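Student: Please work out how this folds:
(chains A, B and C)
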Amino acid sequence: MTQTATNPDPERRHWMAVLARAGAAEITDLLAPLPALPAFEHLRPPETGLVMVRGRAGGDGAPFNLGEMTVTRCAVRLGEAVGHAYVAGRDKVQAELAALLDAALQDPARRDALMDSVIAPLAARQQAAREAEARRAAATKVDFLAMQTIR
Amino acid sequence: MSALTPGFADPVLGAQAAFRAVLEAMSRPGRIVTAGSALRPPAPMNQAAAAVLLTLADADTPLAQDAGADAEAWLRFHCGAPLVAPGAASFVLATGAAPALASLVQGSEEEPQNGATLILQVAALVAGEGWRLTGPGIETEHRLRVDGAPEGFLAAWAANRAGFPCGVDVVLCAGDRLAALPRTVSIAES
Amino acid sequence: MYVAVKGGERAISAAHAWLEETRRGDAAVPELTVVQIEQQMGLAVDRVMAEGSCHDRFLAALAIKQAKGDLIEAAFLLRAYRTTLPRFGASEPLDTAAMRLRRRISATYKDLPGGQVLGPTFDYTHRLLDFALAAEGVERAAAPEAPTPVESAPRVTELLAREGLMQREVAEDAEPGDLTRQPLTFPAERPVRLQNLARGDEGFLLALGYSTQRGYGNAHPFVGEIRVGHVTVEFTPPELGFPIELGEIGVTECQMVNQFKGSRTEPPQFTRGYGLVFGHGERRAMAMSLVDRGLRAAELGEDITAPAQNAEFVLYHSDNIEATGFVEHLKLPHYVDFQSELENLRTIRRSAEAAIQEAAE
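Tutor: Numbers count the residues shown, from 1 in each chain, chains lettered A, B, ... in the order given. Alright, predicted model coming up:
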C-alpha cells in the first residue's frame, strides 16, 4: 500500500474510474463468459457513506464544502492482492464487483484478459455516451456568423 | 507488510456492541468489560484497543499511534482517521511507552469534550484488588489491579484530575478486556 | 416554549393513515415510481439534492414521493437520512473548467472560446401550456446531434483575469469550515458563506438576489458565465494515498461579474460573485452568485446598507429546514404559555379599566 501511495499506477486509476461509472448489471454481463474468479475475503464488506464534495470560490479560489454525496466502498483480498472500490451512489453489488476486479487486475496473469473483455468495453460505452451528449450540446451551439451573412 | 485483516464482520452491529461496552466502562469507572473478541488486529495492538478505535475513530478524529507500520496501515484502512502527532490527536493508542498525560490535548473550559482519549495497552486487568477507585459512577469504592501501568501513572493521574473539566480520559486495554478511567475518577494506591 | 402533552396517539395514527392514502391519491390512477420521478421531475430532484445538501438522485426522488411533492419536506427527509451515514472524508475540489458541458452561456462576450451552448433550456420557449403533453404516449422527435462534439472550455473569468481586469481569487488551500460539523459563527469566512448559500432556500436566495438588482445593495451584475454539466469527483482514500474517481455529478456554476470602484490597495476592476449548486439549477446558481457578491461588501470595503449585504441576516435565515422547523413549531401545543399570556392580558385590562373608571369618577 505504501508503494501505491508514492506511485499511483495510471492504469489502475483508469480501471477504477471506469468501474466507478459502470452499473452492476453491465459488469456482471461482461464477466459471465469469463472463467470464474477465485474466492475472495471481505476486508471491508460493502458500506454506504458520504463524501463531502468541495468546490472552489470563483471556480479557482479557496475550497469550500458544497454538499455531500452518497458513496459506497468495499475492499476485498484476492490471494496476495487487496482490491479497493469507492463508487458514487449506493449500489453495493457494483462496489463489491469493482473491488474484486481491482484486486484481480493487479494480477499480471489476469490483467490483459480482464482489460480486454471487461474494462475496454465499459470504457468504450462510457466514451460513446459522453460523445453522444456532447454532440447534442454542439447542436445547440449558437452560430453568430449566420447573422453576419444575412446582413 | 503482513496481510491486512478484516475489521468487524458486521460493521454496524460490531461497532454498536463495542460502543455499548465502552459506554458501560466509562459510566462505571474501573469495571472490566469485553470488546473485540473476534478481531485479529496486527500485533502489538490488542483486540480491545482495536475495537475501541474501530468504533470511535473516523475521518473527523485525528489519531496518534505507536504500534508500528502494520497497525498504521490497519487503522488507516479501517478508521480512515488522519494520523498525527500525539499532542494533536483526539485518540492516542499507546502500546509501548505511554506519552505523558499532560502532553496530550486537554480541551478548554469552553470545550472540555475536546480532551484526548488515551487508549493504553497494559499487561492485565484484575478486578477486586489493587487500586481503589472512587468518584461519579462508583457507589463507594471499586478495586482494579492494573499490571503494566506506566511508572508514575497515579501521580500523573492526580494532576490530570485536578484539571477538571479539562483533561484526558483513559481506556485501559488488555487482550479483549478493557476498563475506563474517565477524568472524574480518583485513584488511590492499594 | 411548548409543553409535551400525552394523549392523541389514536388520532395521530389515524391522521398518518389518511396521509398515506392521500399520498397515493385515486387508486384507479397508476402509482408513480421513484424512477419516474427521478427521470421526469429532474429539476425537482435537483432542488431537493441542493437544499438537502446530499447528492443522490434516487434518494431525492424517493423523498419527493414520500413528501407528496412538498420539496422543503423532501429536503428535510434527505437531510435527516444523511445523518445516518458515516462520512468517509472530503473530495478534492471540483475542477469546473474541465466540466463536461451541456450548457454554457455568457452575457458578457458574444464570441468566446468554446462558444455559446444553449443546452436543454426553458429560455426562448413561449411559456404557453403544451396540451400535447396531456396526451400520453406521444412520440417526440429525438434531439439533433452535431457532427463535432462540444469540448470543455476555459472559464470566462479567467480571460478577464489574464488581462488584469478581474480580481483573482485567493488560491490558498486552507481547510474550509464545515457547517455540518461546527455551528455558524461571525464573522463568517467566504467558504462557510458559500456552503450556507449552496444549501439555502431557492426562494429566499432569489428574492435577496433580486433585491440587489433593484437598488438594495448597489450591484451592477453581468452574467460572466453560466455552465451546466457533469464534473468528475475525485477522492483520496486514506488507505490508498492517491486520488481516485468516484464518478460524475451534475452541477451548475454561475460567475457573476460586478464592478468594483477600487480601494487604496487595489485598482478599479471587476469582482465576482460565485454560485455552484448540485444538479441543473440555473436560477439558484445565479441567485447564489448575486448574494455571494452582496456578502463580500465588508471585505471589499463597501458600505453595508442592504439586507443582501448583511451576513448575519442572510446566513441565519437562508436554511429552509431550520426556518420551517422554527416557524412550524408554533403549531405545537403552547397551552401553558398561552394561558399565562391570557392571564397577563386580563390583569392589564382590569387595571386599565379600573384606571379609566377612577378617572371618570
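
Student: would you list every one of the helices in chain A?
Tutor: For chain A, the helices defined by DSSP state H cover A:2-6, A:10-20, A:24-31, A:92-105, A:108-114, A:120-139, A:145-150.

Student: Close to chain B: what parts of chain C are there?
Tutor: Within reach of chain B by CB under 8 Å from any CB of the partner chain, chain C has these residues: C:86-89, C:181, C:237-239. Just so you know, the C-beta spots here come from the backbone N, C-alpha and C atoms, and that holds for glycine as well.

Student: In strands, which of those fall?
Tutor: Counting by DSSP state E, these place C:87-89 in strands.

Student: on that earlier part again, could you dump the residues of chain C next to chain B into TSV and include pLDDT and neighbour count?
Tutor: Below are the residues of chain C next to chain B laid out as TSV (pLDDT from 0 to 100; neighbours: other CB atoms under 10 Å in any protein chain shown):
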residue	pLDDT	neighbour count
C:Pro86	92	16
C:Arg87	94	19
C:Phe88	94	24
C:Gly89	94	19
C:Arg181	91	10
C:Pro237	94	21
C:Pro238	89	18
C:Glu239	89	23
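
Student: farthest pair in the residues you listed?
Tutor: C:Arg181 and C:Glu239 (22.4 Å; CB to CB).

Student: give me the residue from chain B nearest chain A.
Tutor: When scored by CB to the nearest CB, chain B has B:Pro6 as its residue closest to chain A, at 5.2 Å.

Student: And that residue, how close does it get to B:Arg40?
Tutor: 8 Å (CB to CB, to the nearest Å).

Student: So for the two, which sits in the more crowded spot?
Tutor: Higher neighbour count among B:Pro6 and B:Arg40: B:Pro6, with 20 against 13, using other CB atoms under 10 Å in any protein chain shown.

Student: coming back round to it: near chain A too, which of the ones in strands among the residues of chain C next to chain B?
Tutor: Contacts with chain A within these, counted by CB under 8 Å from any CB: C:87-89.

Student: show me where chain B has strands.
Tutor: Under DSSP E, chain B gives strands at B:33-34, B:63-65, B:91-94, B:117-121, B:124-134, B:142-147, B:169-174, B:177-181, B:186-188.

Student: which one of those lies closest to C:Gln40?
Tutor: That would be strand B:63-65 among those, by CB to CB, at 46.6 Å.

Student: Pretty sure C:Ala75 sits against C:Ala44.
Tutor: No. Assessed by CB atoms under 8 Å, C:Ala75 is found out of contact with C:Ala44, at 10.5 Å.

Student: Which positions in stretch B:82-91 come out as buried?
Tutor: Judged by neighbour count (16 or more other CB atoms under 10 Å in any protein chain shown), stretch B:82-91 contains these buried residues: B:82, B:86, B:89-91.

Student: Chain neighbours aside, what residue packs nearest to B:Thr134?
Tutor: Among residues not flanking B:Thr134 along the chain, B:Ser186 sits closest, at 5.0 Å (CB to CB, 6 or more residues apart in numbering or on different chains).

Student: closest to C:Arg350 among the residues of chain C next to chain B?
Tutor: C:Arg181 (52.8 Å).

Student: which one is that closest one nearest to, not counting chain neighbours?
Tutor: Using CB to CB, 6+ apart, the nearest residue to C:Arg181 is B:Asp60, at 6.9 Å.

Student: returning to that earlier point: tell me which of the helices of chain A sits most buried.
Tutor: Each of the helices of chain A was given a mean neighbour count from mean count of other CB atoms under 10 Å in any protein chain shown, and the largest, a mean of 24, is that of helix A:92-105.

Student: same for that one, what does it pack against?
Tutor: helix A:10-20, helix A:24-31, strand A:41-56, strand A:63-78, strand A:81-88, helix A:108-114 (3 or more CB pairs under 8 Å, 6 or more residues apart in numbering or on different chains; DSSP states H and E).
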